[in-house]
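A.B. asks: Sequence and predicted structure, then a few things I'm wondering about:
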Amino acid sequence: MLRFIYVILLNLFRAPYIIPLMRKMANQPDKYSMEDRYALAKRAIQYMKKSGDIETEVYGTENLPEEGGYVMFPNHQGKYDALGIIYAHQKPCTFVMDKMKSYTFLVREIVDLVDAKRLEIHNVRQGMKIINEMTEEVQAGKRFIIFSEGGYHKNRNHVKDFKPGSFKSAVRAKAPIVPVALIDSYKPFNSLCFGKVKTKVIFLKPLYYEDYCGMKTVEIAKVVRDMIISKMEEFGVDAS
């Protein structure tokens, strides 16, 4: 948290320029393409990485489907998770996050810029609406990040159980499911680490519809979690 505040303070001099620009582009999606808005979000993330002395190693980009929409399912470690994946993901993608946490400084601008979904955690009806919207948008070619563990309190490199319901949009859209392994992603903004920190974003081989069409979401959730744990163990991390 201290590093997050430090990064914000170091970038305050950019705020009078970049914050109005982010809001302007987010509020005029007909004028600014998603590619343009995504590029600006990546630029803001790059500023944060540089000022926070954060290095992110990226692996497995060749595993990402070249065409069409898909849903990425990473493990969840902290505030940097979505930023790290966006940094690592060349084509525009977006994410789903807790509505209550989506209105803080700069987070709000990035959420609006990439047209992310604000989820009301305890509102079942609104959650179903989000699932239906995502299903349609993934079918139309959009790429999403969903943190299936829910929260990240003290997760660190330990991967908790994935919630089966989070896979409904991908299953209904018959879309590829891309497991993503995050390593040390908690260190930038959810630890007391000082000095340079290094994180890893690893895109695993996707599960295509024909791979999971006969499975229940409970089974899919376990398969994806096991794939992530196995990949993290390949990198020398005890994630189970």
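C.D. replies: That came in fine, so what should we check first?
A.B. asks: For the host helix or strand of residue 84, which residues meet the burial criterion?
C.D. replies: Using DSSP states H and E, residue 84 sits within helix 81-88. Of the residues in helix 81-88, 81-88 count as buried by neighbour count, 16 or more other C-beta atoms under 10 Å. For glycine as for every other residue, the C-beta is placed from the backbone atoms N, C-alpha and C.
A.B. asks: now stretch 58-72
C.D. replies: By neighbour count with 16+ other C-beta under 10 Å, stretch 58-72 contains the buried residues 58-60, 64, 69-72.
A.B. asks: do stretch 132-150 as well
C.D. replies: 134-135, 137-138, 142-149.
A.B. asks: Might you quantify the distance of that stretch from its chain's geometric centre?
C.D. replies: A distance of 11 Å separates the centroid of the chain from that of stretch 132-150, by C-alpha atoms, centre = their mean, to the nearest Å.
A.B. asks: Output that stretch as PDB, nothing but the C-alphas.
C.D. replies: What follows is stretch 132-150, C-alpha atoms only, in PDB (Å, rounded to 0.1, in the frame of the first residue of the first chain):
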ATOM      1  CA  ASN A 132     -25.200 -11.900 -19.600                       C
ATOM      2  CA  GLU A 133     -23.500  -8.700 -20.800                       C
ATOM      3  CA  MET A 134     -20.100 -10.500 -20.800                       C
ATOM      4  CA  THR A 135     -21.500 -13.400 -22.700                       C
ATOM      5  CA  GLU A 136     -22.700 -11.200 -25.500                       C
ATOM      6  CA  GLU A 137     -19.500  -9.100 -25.600                       C
ATOM      7  CA  VAL A 138     -17.200 -12.100 -25.600                       C
ATOM      8  CA  GLN A 139     -19.200 -13.500 -28.500                       C
ATOM      9  CA  ALA A 140     -18.600 -10.200 -30.300                       C
ATOM     10  CA  GLY A 141     -14.900 -10.500 -29.800                       C
ATOM     11  CA  LYS A 142     -14.100  -8.800 -26.500                       C
ATOM     12  CA  ARG A 143     -11.500 -10.100 -24.100                       C
ATOM     13  CA  PHE A 144     -12.000 -10.100 -20.400                       C
ATOM     14  CA  ILE A 145     -10.000 -10.800 -17.200                       C
ATOM     15  CA  ILE A 146     -12.000 -12.400 -14.300                       C
ATOM     16  CA  PHE A 147     -10.500 -13.000 -10.900                       C
ATOM     17  CA  SER A 148     -12.200 -16.200 -10.000                       C
ATOM     18  CA  GLU A 149     -10.900 -16.400  -6.400                       C
ATOM     19  CA  GLY A 150     -12.800 -13.200  -5.600                       C
END
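A.B. asks: Can you list the neighbours in contact with it?
C.D. replies: Outside stretch 132-150, the residues that touch it by C-beta atoms under 8 Å, 6 or more residues apart in numbering are 68-76, 81-82, 85, 89, 91-97, 117, 121, 155, 159-163, 166-170, 172-173, 175, 180, 221, 224-225.
A.B. asks: quick one: which of these sit in strands?
C.D. replies: 70-74, 94-97, 117, 180 (DSSP state E).
A.B. asks: what about the helices in this protein?
C.D. replies: Ranges of helices within the chain are 2-10, 15-27, 34-51, 81-88, 107-113, 124-139, 168-173, 209-212, 217-234, based on DSSP state H.
A.B. asks: Highest mean neighbour count out of those helices?
C.D. replies: Among those, the stretch with the highest mean neighbour count (mean count of other C-beta atoms under 10 Å) is helix 81-88, at a mean of 24.
A.B. asks: Just the C-alpha atoms of that one, please, in PDB.
C.D. replies: Provided in PDB are the C-alpha atoms of helix 81-88 (Å, rounded to 0.1, in the frame of the first residue of the first chain):
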ATOM      1  CA  ASP A  81      -2.800  -7.900 -10.900                       C
ATOM      2  CA  ALA A  82      -5.000  -6.300 -13.600                       C
ATOM      3  CA  LEU A  83      -2.400  -3.700 -14.400                       C
ATOM      4  CA  GLY A  84       0.300  -6.300 -14.900                       C
ATOM      5  CA  ILE A  85      -1.900  -8.300 -17.300                       C
ATOM      6  CA  ILE A  86      -2.900  -5.200 -19.300                       C
ATOM      7  CA  TYR A  87       0.800  -4.300 -19.500                       C
ATOM      8  CA  ALA A  88       1.500  -7.900 -20.800                       C
END
